[in-house]
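Asks: Structure of the sequence below:
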Amino acid sequence: MARGREPEIEHLLRRAGFGATDSEIEAYVRLGYFGAVDELVNYDQIADDVDANIAKPGYVGVTTRGQFAPSTVITDARQRWIFRMVHSARPLQEKMALFWHNHFATAYSKVSGGLGAADGTRAMAAKPDEDPGRAKGQLELFREYALGNFRDLLIEVTKDTAMLVWLDGRTNVRNRPQENYARELMELFTMGVGVFTEPDVYAGARVFTGWNLARPAGDSLQRFNFNANQHDTAAKEFSFPVYPDGRRTVPARAAASGMQDGIDLIDAVARHPETGRRLARKLWAFFVSENAPPAEDFVNDISGEYYRSGYEMRPVVRRVLMSRHFRDPANYFARYSWPAEFVARAIKEVGWRGFSVNDAIGPMTNMGQQLFEPPDVNGWELGRGWYSTGAMLSRMNFAAQLATNQRFNLRDESRAFGRTPESLLSYMLDRLTPATFERRATIALLDYLHAGGSWTGSDAQLLTKAPGLVHLLVGAGEYQLV
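Replies: Predicted structure coming up:
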């Protein structure tokens with residue numbers, strides 16, 4: 001029998017993951033909503049062994065060019081991330097890694113330009129347990145801190161090799177303070193515009209002088225190195241409080257202790273009252289709705305949890321998922337799916353036997369998102385920005401590509417539901433979980449199924465109509481919402 005719709009669980013898994021297969025939805029339904037949230041949020045209790053399934057039968061494929069090398073070849077790194085989005089038993093961890101990837105937008109093209117292609121990929125995506133130099137790529141940092149402490153994440157991002165290349169921190173020295181990172185730390189990563197001044201940016205640059213890179217012995221990849229000889233030891237004054245007692249001046253320090261200047265500033269921006277509110281608004285748009293402005297009670301509640309928890313994101317995100325706003329059916333399908341979300345969800349819901357995630361990379365780029373390559377420090381243009389004519393055509397073409405690839409599987413899995421066009425459409429709507437189609441659109445879908453002669457439900461007919469229907473559904477506007 002068809003599973004039938006489970007709207008609240010399906011909504012949860014689209015937002016806190018990348019959609020779900022029938023078996024995954026059934027497993028979460030058995031937990032109930034509260035149990036499902038706990039399962040998603042407390043993912044540390046679940047083994048992170050999904051990478052061991054790459055290239056195994058029963059999973060979406062990858063395309064190798066010799067040895068599969070996701071720590072040193074950026075195309076393979078992209079393949080591995082899409083594979084994980086489809087198959088990870090810890091979907092919220094991958095979803096938050098994607099959130100942070102956009103929040104701390106860093107592009108491989110500049111990183112590889114500074115470090116070379118292989119080391120640039122290592123800086124973006126290496127896993128320590130498979131890297132000969134134990135390098136941790138930026139993506140692994142985002143996975144590690146996906147629901148970790150935001151203040152600690154800020155410190156690690158500030159020391160991250162890819163970030164130090166991307167925002168020129170490696171050239172930040174006392175005689176030529178480089179302002180890029182200090183500006184984005186305050187403007188994009190924490191407090192937001194209108195809270196700091198241009199002199200604050202210069203003072204912030206001086207705070208981080210000496211936070212540079214150096215090449216460790218025996219390894220080509222540069223790592224964070226605090227170069228005390230290049231640190232500006234003089235006092236730095238800010239227009240906002242740096243310390244809990246209200247002091248606004250980072251004191252003069254000996255060069256050897258100068259790294260504390262940067263930690264003091266990170267503590268200050270993590271603590272600032274606008275940071276929690278800004279994160280709450282971004283979480284509203286990511287999890288709740290892009291079509292409605294953030295509710296003030298939501299912003300107050302989520303930012304309050306951010307400060308009460310000492311900047312811990314696990315209780316913050318749990319509170320988001322438990323909020324009445326998140327659970328309100330009016331906010332179902334109130335977000336525009338990112339290309340990565342669209343592709344991973346389509347693969348999960350349509351099927352993957354015989355399909356390679358490599359064949360999704362080009363279409364995703366045409367849709368407007370190439371993983372590890374945000375367009376600038378602001379990240380991707382979200383919401384309606386995803387939906388140019390060309391990008392929507394690319395989504396429709398991907399739907400056709402995937403449905404055609406899966407046509408035999410779709411035929412076989414549709415047999416039990418192919419007695420009538422109506423039963424086939426009902427089955428596919430349950431399976432693919434799009435937003436509700438208006439009556440006129442539903443009639444058009446049935447007209448497609450009825451076209452070409454009388455309905456028999458034969459294998460030959462299903463081989464044409466089942467993938468054709470999937471193409472229409474996955475390519476429809478109703479499927480682009482999550």
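Asks: Mind listing residues that contact stretch 240-260?
Replies: Here stretch 240-260 makes contact (Cβ atoms under 8 Å, 6 or more residues apart in numbering) with 191, 195-196, 200, 203, 207, 209-211, 226, 228-229, 231-239, 261, 264-265, 267-268, 271-272. (C-beta placed from N, C-alpha, C; glycine too.)
Asks: From the contact counts, what lies against the longest helix along the chain?
Replies: If you go by DSSP state H, the chain has its longest helix at helix 22-41. If you count contacts as 3 or more Cβ pairs under 8 Å, 6 or more residues apart in numbering; DSSP states H and E, helix 22-41 packs onto helix 7-15, helix 91-103, helix 313-322.
Asks: coming back round to it: would you mind listing which of the contacts of stretch 240-260 are buried?
Replies: 191, 195-196, 200, 203, 207, 209-211, 226, 231-233, 236, 238, 261, 264-265, 267-268, 271-272 (16 or more other Cβ atoms under 10 Å).
Asks: now, which of the residues you listed lie within helices?
Replies: If you go by DSSP H, these have 200, 203, 207, 261, 264-265, 267-268, 271 in helices.
Asks: now for those residues, which pair is the farthest apart?
Replies: 203 and 271 (17.0 Å; Cβ to Cβ).
Asks: Just say helix, strand or coil for residue 456.
Replies: Secondary structure state of residue 456, per DSSP: H, G, I helix; E, B strand; the rest coil, is coil.
Asks: What is the neighbour count of it?
Replies: Number of residues near residue 456 (other Cβ atoms under 10 Å) recorded here: 11.
Asks: buried sites along stretch 124-139?
Replies: 124-127, 131, 135-139.
Asks: Let's see it as CSV, backbone CA atoms only.
Replies: The C-alpha coordinates for stretch 124-139 follow below in CSV (Å, rounded to 0.1, in the frame of the first residue of the first chain):
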residue,chain,number,x,y,z
MET,A,124,38.3,23.2,1.8
ALA,A,125,37.4,19.6,2.3
ALA,A,126,40.2,17.3,3.8
LYS,A,127,39.3,14.9,6.6
PRO,A,128,42.0,14.5,9.2
ASP,A,129,41.6,10.7,9.4
GLU,A,130,42.4,10.3,5.7
ASP,A,131,44.9,13.2,5.1
PRO,A,132,48.6,12.4,5.5
GLY,A,133,49.2,15.7,7.2
ARG,A,134,46.1,15.4,9.4
ALA,A,135,44.7,18.5,7.8
LYS,A,136,41.1,19.5,8.6
GLY,A,137,39.3,21.2,5.7
GLN,A,138,36.9,24.0,6.3
LEU,A,139,33.9,21.7,5.6
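Asks: what does that stretch rub up against?
Replies: With Cβ under 8 Å, 6+ apart as the criterion, stretch 124-139 contacts 51, 70-72, 74, 77, 80-81, 97, 101, 104, 106, 108, 111, 121-123, 140, 144, 157, 160-163, 216, 218-219, 221, 223, 372.
Asks: and those residues, which of them are in strands?
Replies: Judged by DSSP state E, strands contain the following of the contacts of stretch 124-139: residue 223.
Asks: Helices of the stretch 51-200 of the chain, start to end?
Replies: Secondary structure of the stretch 51-200 of the chain by DSSP state H, counting those that start in this stretch: the helices cover 74-87, 91-103, 108-115, 117-125, 138-144, 150-159, 161-166, 180-184, 198-207.
Asks: Residue 380: which of these is closest?
Replies: helix 91-103 (6.1 Å).
Asks: could you give the angle of the closest one to helix 117-125?
Replies: 120 degrees (axes from the mean of the first three to the mean of the last three Cα atoms, to 10 degrees).
Asks: what packs against helix 91-103?
Replies: helix 22-41, helix 74-87, helix 138-144, helix 313-322.
Asks: do you know how far residue 65 is from residue 226?
Replies: 39 Å (Cβ to Cβ, to the nearest Å).
Asks: Hmm, I typed the wrong one, I wanted residue 468.
Replies: 60 Å.
Asks: likewise residue 293?
Replies: Taking Cβ to Cβ, one finds residue 293 at 42 Å from residue 226.
Asks: Switch the helices and strands packed on helix 22-41 over to CSV; also include distance to residue 279.
Replies: Conversion of these to CSV gives the following (distance: least, Cβ to Cβ, whole Å):
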stretch, distance to residue 279
helix 7-15, 17
helix 91-103, 9
helix 313-322, 8
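Asks: want to throw the ones you listed into a markdown table with mean pLDDT?
Replies: Shown next, in a markdown table, are those (pLDDT from 0 to 100):
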| stretch | mean pLDDT |
| --- | --- |
| helix 7-15 | 97 |
| helix 91-103 | 98 |
| helix 313-322 | 98 |
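Asks: So which of those helices is nearest residue 438?
Replies: Nearest of the helices and strands packed on helix 22-41 (Cβ to Cβ): helix 7-15, 17.6 Å.
Asks: could I have the closest one exported to PDB, CA atoms only?
Replies: Provided in PDB are the C-alpha atoms of helix 7-15 (Å, rounded to 0.1, in the frame of the first residue of the first chain):
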ATOM      1  CA  PRO A   7       3.000  16.300   6.700                       C
ATOM      2  CA  GLU A   8       4.700  17.300   9.900                       C
ATOM      3  CA  ILE A   9       7.400  14.700   9.700                       C
ATOM      4  CA  GLU A  10       7.900  15.400   6.000                       C
ATOM      5  CA  HIS A  11       8.200  19.100   6.700                       C
ATOM      6  CA  LEU A  12      10.800  18.400   9.500                       C
ATOM      7  CA  LEU A  13      12.900  16.200   7.200                       C
ATOM      8  CA  ARG A  14      12.800  18.700   4.300                       C
ATOM      9  CA  ARG A  15      14.000  21.500   6.600                       C
END
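Asks: from the middle of its chain, how far away would it be?
Replies: 17 Å (Cα atoms, centre = their mean, to the nearest Å).
Asks: Could you tell me the angle between that helix and helix 313-322?
Replies: 140 degrees.
Asks: Next, the angle from helix 7-15 to helix 22-41.
Replies: Going by the same axes, to 10 degrees, helix 7-15 is angled at 70 degrees with respect to helix 22-41.
Asks: Buried ones in helix 7-15, by neighbour count?
Replies: Buried, per 16+ other Cβ under 10 Å, within helix 7-15: 8-15.
Asks: Show me the contact partners of it.
Replies: Residues contacting helix 7-15 (Cβ under 8 Å, 6+ apart): 19-20, 24-25, 28-29, 33, 36-37, 40, 91, 95, 287, 321, 326-327, 329, 332, 335, 341, 345, 433, 482.
Asks: could you flag which of the residues you listed are buried?
Replies: Judged by 16+ other Cβ under 10 Å, buried ones among those: 19-20, 24-25, 28-29, 33, 36-37, 40, 91, 95, 287, 321, 326-327, 332, 335, 341, 345, 433, 482.
Asks: roughly how far is the longest helix of the chain from the heart of the chain?
Replies: With Cα atoms, centre = their mean, you get 21 Å for helix 22-41.
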